[in-house]
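**Student:** just to be clear, the model below is a prediction. Sequence and coordinates:
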Amino acid sequence: MSHLYKSLPRAEINDRIKKLQKILIQKNLNGALLFSITGTYYYSGYGADGLIFIPIEGEPIHLVKRNVALAQKYSQISNIRSYGRTSKIVDTLNIPENSIILVEEDYLSYSFVKYLRDINQTIQFLDGSQLFRELRSIKSKYEIFMIKKAAKMVDESFLYCCEIAKPDMSEIELASKLDSWLLNNGHGGYITTRAMNSALLNYSYVISSHSTSLNIQFTPISGYGLTLKYPYGPSNQKIGRNRPFFVDTCGNWQGYISDTTRTFICGKFDKETLNQLIALEQVKEFILKNLTPMKNLGDLFLEVMELSKELKIYDCFMGTHSDKSVFLGHGIGLELDELPVFYAKGPDLCVGNVLACEPKIIVLDKTVLGIEDSISIEDTGARLLSTAASYYEI
């Protein structure tokens, strides 16, 4: 079965564990418990249902609920055991009394954390969510390489889109064809998110100009979707002729996610739309020029908004009226919505951050345009990981 999977490098895993242990020591903590698939994969290279326990020193322990033999084959942690009963986790891990342990309170349910505290009253379980996410926000060269591979796949899918997109296609029909192409060309499947009540049916988010009148998500434009349970995403709306549509695609290479949007039209862009696309390209170039180490994302957010006013696109930039998006981008990695967030109160950039920056224009009942790129922050500044053309006439 080994040919089915590609393991994460052991040196990569060891480095992550050492960084976390160093912080645990600095903060006088005794360890960290990670239950999420993202957490277990990040610190072991194997995303099975279970947990990872990382003490302040020594070897981590990997508990899995099913198939210990498979975990022993693929996990980069040597000490692997059966999960056993949740009520006995502290005993199984041999955590001393009066220990202070970090958990992912943004992921675990309130009732589960309460249960852990109630049955282990000599142990303090504290929220380590922000710390875990901040650590993951600084990518290694290996991780950036993986995100670049995901972005390259998406670039190629846009060329395939040009071959197959037809005016009478529905958004969901085109999305399903693009998703099939991605899966057959190395896409890793699931797009993991951190946001509550977030579920993605498609990797390729096809939104036509016909779908601009509904937005129920925090994004600039969400589309109609297929049901009232999840009223967002590609719908049965037709793409149409001579009306722009965009494809917002999440790549996935071995679990690492890229995020790229490009604008298409079956026909020709009119002069007004071309001018808007050129304005978005100017916004993109301004962002790229200013995404430098130590640059404050909050300051840059305000500068971009001022630029949108100078370019006379502010009224439709990142949505309209009360539906304007409050961010211009977000971190990407093992999850689609990682840190840092590119918004009015954003932090200073660090070398190793990887962001998806997504300038978009929405004109209700008329136009949807977008140019989103995956970008890594390096010593010398920003590096584009997505390199497809900004827009396509089919």
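**Tutor:** Thanks, I have it.
**Student:** can I get the CA coordinates of the helix or strand hosting Q72 in PDB?
**Tutor:** When elements are assigned from DSSP states H and E, Q72 belongs to helix 68-74. What follows is helix 68-74, C-alpha atoms only, in PDB (Å, rounded to 0.1, in the frame of the first residue of the first chain):
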ATOM      1  CA  VAL A  68      -2.500   1.100  14.800                       C
ATOM      2  CA  ALA A  69      -0.500  -0.900  12.200                       C
ATOM      3  CA  LEU A  70      -1.300   1.700   9.500                       C
ATOM      4  CA  ALA A  71      -0.300   4.500  11.800                       C
ATOM      5  CA  GLN A  72       3.000   2.800  12.500                       C
ATOM      6  CA  LYS A  73       3.700   2.600   8.800                       C
ATOM      7  CA  TYR A  74       3.000   6.300   8.000                       C
END
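**Student:** buried residues, that helix. List them.
**Tutor:** 68, 71, 74 (16 or more other CB atoms under 10 Å). Bear in mind the C-beta positions are built from the backbone N, C-alpha and C, glycine included.
**Student:** next: stretch 169-184.
**Tutor:** Neighbour-count burial for stretch 169-184 flags 169-179, 181-182 (criterion: 16+ other CB under 10 Å).
**Student:** let's see which of those end up in helices.
**Tutor:** 171-179, 181-182 (DSSP state H).
**Student:** surely I138 touches C350?
**Tutor:** Yes - using CB atoms under 8 Å, I138 is in contact with C350, at 5.9 Å.
**Student:** so these two - more neighbours on which side?
**Tutor:** Comparing I138 with C350 by other CB atoms under 10 Å, the one with more neighbours is I138, at 17 against 14.
**Student:** quick check: the gap between the residue nearest to that one when sequence neighbours are not counted and K229.
**Tutor:** Ranked by CB to CB, 6 or more residues apart in numbering and with sequence neighbours excluded, the top spatial neighbour of I138 is G352, at 3.9 Å. Distance from G352 to K229, counting by CB to CB, to the nearest Å: 38 Å.
**Student:** who's more crowded, these two?
**Tutor:** Neighbours were counted for G352 and for K229 using other CB under 10 Å; G352 has more, 16 against 7.
**Student:** now do the SS call for that one.
**Tutor:** The local conformation at G352, judged by DSSP: H, G, I helix; E, B strand; the rest coil, is coil.
**Student:** so which residues of the stretch 51-200 of the chain form helices?
**Tutor:** 68-74, 89-93, 110-119, 129-137, 141-164, 171-183 (DSSP state H, counting those that start in this stretch).
**Student:** what's the nearest residue to the residue most central in space within the chain if we skip its chain neighbours?
**Tutor:** When CA atoms, centre = their mean is applied to the chain, the residue found nearest the centroid is L336 (1.2 Å). Among residues not flanking L336 along the chain, T193 sits closest, at 4.9 Å (CB to CB, 6+ apart).
**Student:** how about I77?
**Tutor:** H62 (4.3 Å).
**Student:** domain assignment for the protein?
**Tutor:** With domains defined by automatic domain parsing, the chain comprises 2-135, 138-393.
**Student:** quick check: phi and psi on S99?
**Tutor:** With angles defined as degrees, to the nearest 10, S99 sits at phi -70, psi 150.
**Student:** pretty sure D348 sits against K295.
**Tutor:** Yes - look at D348 against K295 with CB under 8 Å: they come within range, at 6.8 Å.
**Student:** and those two? Which one has more around it.
**Tutor:** Set D348 next to K295 and count neighbours by other CB under 10 Å: K295 wins out with 17 against 13.
**Student:** now do the contacts for the more buried one.
**Tutor:** Residues in contact with K295, defined by CB atoms under 8 Å, 6 or more residues apart in numbering, are 348-349.
**Student:** next, the contact list for the residue located most distally from the centre of the chain, please.
**Tutor:** Using CA atoms, centre = their mean, the residue of the chain lying farthest from its centre is E97. It sits 37.2 Å away. E97 makes contact with 122-123, according to CB under 8 Å, 6+ apart.
**Student:** please tell me how far it sits from I123.
**Tutor:** E97 sits 7 Å away from I123, going by CB to CB.
**Student:** now swap in S111 and tell me
**Tutor:** S111 is 17 Å from I123, where distance means CB to CB.
**Student:** give me the below-cutoff pLDDT ranges for the stretch 1-150 of the chain.
**Tutor:** 1-3 (pLDDT under 70).
**Student:** can you rerun that using 80?
**Tutor:** Applying pLDDT under 80 to the stretch 1-150 of the chain flags the ranges 1-4.
**Student:** same question, the stretch 201-350 of the chain
**Tutor:** Looking along the stretch 201-350 of the chain with the criterion set at pLDDT under 80, you get 212-222, 320-323.
**Student:** what about the helices in the stretch 201-350 of the chain?
**Tutor:** Using DSSP H, counting those that start in this stretch, the helices found in the stretch 201-350 of the chain span residues 271-290, 297-310.
**Student:** residue contacts, S258?
**Tutor:** 147-148, 150-151, 153-154, 250-252, 332, 356, 374, 385-386.
**Student:** identify the residue spatially nearest to I313, adjacent ones excluded.
**Tutor:** Using CB to CB, 6+ apart, the closest residue to I313 is A279 (4.9 Å).
**Student:** what's the separation between that neighbour and I23?
**Tutor:** Per CB to CB, A279 is found 43 Å from I23.
**Student:** which of the two has more neighbours?
**Tutor:** Set A279 next to I23 and count neighbours by other CB under 10 Å: A279 wins out with 20 against 16.
**Student:** I appreciate the help and will end here.
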